[in-house]
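S.K.: below: sequence and its predicted model.
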Amino acid sequence: MERAAPDRPRSVLAERTLVLNRSWIPIHLTSVRRALVMLFHHAAVAVEPETYSTYDFEQWLRVEPPPGTRIVRTPNREIAIPDVILLSNYDRLPGCTVPFSRRNLARRDFHRCQYCGRRQATDQLTIDHIVPRSCGGGTGWTNCVVACIPCNRKKGCRTPEQAGMKLLSTPKRPDWSLVLAVESGDGAVLARFQGRGGLASRAVGA
Ligand SMILES: [Zn+2]
């Protein structure tokens with residue numbers, strides 16, 4: 001179920017922080033709240049994206065937030081929000097399970113009908129079961145694609161072969177999380193960080 005956008009401004013604690021593993025590889029986005037908790041517990045250090053300097057929690061508290069940057073206000077101090085944190089003890093790339101939904105299916109398929117290739121808004125895309133449910137086809141990443149309404153009607157309760165229609169791609173389970181985040185706008189931090197071109201070299205050198 002998709003939640004409606006709240007009327008009040010989103011808490012800064014709910015904004016996103018990019019998480020790097022110990023090899024400086026981005027692994028996911030977390031909330032600012034969680035990022036600060038991880039810093040506090042020394043499970044991560046904050047990274048200054050301009051310089052790649054790292055700060056533990058106590059050092060980070062002493063960082064004066066530059067004007068215009070995101071901050072958290074506590075009764076007695078302002079804390080800069082870390083755009084990027086680096087995990088202290090975590091080398092594995094996390095298994096990423098993207099929940100199956102029409103919205104995520106549309107993202108995986110780049111909002112293109114997988115039969116005619118037309119790009120559509122999510123609400124104009126239907127879930128097409130490649131092998132129809134009536135023929136035992138399951139609902140999941142490998143048997144579903146998005147299709148525009150006319151193509152879905154045309155295909156009906158038939159396989160693509162039976163309908164004389166060709167799929168643009170072979171559907172797979174998505175193995176990303178950042179793609180979702182980037183597309184939905186949460187990836188601004190990632191884009192900025194990667195845009196500096198330093199990530200790969202740090203990853204190699206780490
Ligand atoms: Zn179509």
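M.R.: Thanks, I have the structure now.
S.K.: ok, residue 89 touching residue 22?
M.R.: Yes - between residue 89 and residue 22 there is a contact at 7.2 Å, judged by CB atoms under 8 Å. The C-beta positions use only the backbone N, C-alpha and C, and glycine is treated the same way.
S.K.: phi first, then psi, for the residue of the chain most remote from its centre.
M.R.: Residue farthest from the centre of the chain, counting by CA atoms, centre = their mean, is residue 162 at 36.2 Å. Main-chain torsions, residue 162, degrees, to the nearest 10: phi -60, psi -30.
S.K.: of residue 89 and residue 22, who's got more company?
M.R.: Per other CB atoms under 10 Å, whichever of residue 89 and residue 22 has more neighbours is residue 22, with 13 against 9.
S.K.: and this protein, which residues reach the ion?
M.R.: Selection of the chain residues close to the ion by CB under 5 Å from the ion yields 113, 115, 116, 148, 151.
S.K.: what's the pLDDT at the fourth one?
M.R.: Model confidence at residue 148, given as pLDDT, is 96.
S.K.: burial count for it?
M.R.: Using other CB under 10 Å, residue 148 is surrounded by 21 other residues.
S.K.: that one against residue 127, yeah?
M.R.: No - in this structure, residue 148 is not within contact of residue 127 by CB under 8 Å, at 11.8 Å.
S.K.: wait, a helix at residue 154?
M.R.: Yes - with DSSP: H, G, I helix; E, B strand; the rest coil as the criterion, residue 154 is assigned to a helix.
S.K.: okay, buried residues for stretch 70-77 please.
M.R.: residue 72 (16 or more other CB atoms under 10 Å).
S.K.: no no, stretch 50-62
M.R.: Those would be 52, 54, 55, 57, 60, for stretch 50-62 by 16+ other CB under 10 Å.
S.K.: just these: which are in strands?
M.R.: Taking DSSP state E, the ones among the buried residues of stretch 50-62 that sit in strands are 54, 55.
S.K.: from the buried residues of stretch 50-62, which two are the most distant?
M.R.: Spatially, the most separated pair among these is 52 and 57, at 18.1 Å (CB to CB).
S.K.: nearest residue to residue 126 other than its sequence neighbours?
M.R.: Nearest residue to residue 126, sequence neighbours excluded (CB to CB, 6 or more residues apart in numbering): residue 152, at 4.5 Å.
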